[in-house]
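> Using only what follows, build the 3D model:
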Amino acid sequence: MGNWIRRARAIGTALLAAALAPMAGCGGTTTAAAKDTHAFQPQEYRIGVEDVLEIAVWREPELSTTAPVRPSARWRPSCAKA
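Numbers count the residues shown, from 1 in each chain. Just a heads-up that it's a prediction; the model follows:
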């Protein structure tokens, strides 16, 4: 039984090494241009007429929807009753 476990472990290690080998070159170095950039600073934004809102509910895809903002500056999700 011990020989079978060693063989399975060797195969598992070889498969893991083969799966991780392509990622070895992904580390790379940071370019000067990337180092000079600043963190994203979001600006204030007001929702307005003709905007389209995409509402995503995590783990509840049937509640997720897309709804346009109407000229009255109101929006109604598709699941709401008129």
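> Only C-alpha atoms from now on, for both contacts and neighbour counts.
Noted.
> Would you mind identifying the next helix or strand past the least confident helix or strand in the chain by mean pLDDT?
Within the chain, no helix or strand scores below helix 32-35, which has a mean of 68 by mean pLDDT, DSSP states H and E. Downstream of helix 32-35, the first helix or strand assigned by DSSP states H and E is strand 52-55.
> tell me what that next one is packed against?
Packing partners of strand 52-55 (3 or more CA pairs under 8 Å, 6 or more residues apart in numbering; DSSP states H and E): strand 65-68.
> Just checking: what are the partner strands of the strand it packs on?
strand 52-55 (antiparallel) (DSSP bridges).
> which residues are contacting the partner strand?
Applying CA atoms under 8 Å, 6 or more residues apart in numbering, the external contacts of strand 52-55 come out as S64, T65, T66, A67, P68, V69.
> CA atoms only for it, dumped as PDB, please.
Extracted as PDB, the C-alpha positions of strand 52-55 are listed here (Å, rounded to 0.1, in the frame of the first residue of the first chain):
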ATOM      1  CA  VAL A  52     -29.200  53.000 -17.200                       C
ATOM      2  CA  LEU A  53     -28.900  51.300 -13.800                       C
ATOM      3  CA  GLU A  54     -27.600  47.800 -13.600                       C
ATOM      4  CA  ILE A  55     -28.600  46.200 -10.300                       C
END
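> longest helix of this protein?
helix 2-20 (DSSP state H).
> Report the distance from it to the chain centre.
Offset of helix 2-20 from its chain centre (CA atoms, centre = their mean, to the nearest Å): 32 Å.
> Number the residues from 115 up from this point.
New numbering, starting at 115: the last item is helix 116-134.
> From the contacts of strand 166-169, pick the one nearest V171.
Using CA to CA, S178 is the member of the contacts of strand 166-169 that sits closest to V171, with 5.2 Å.
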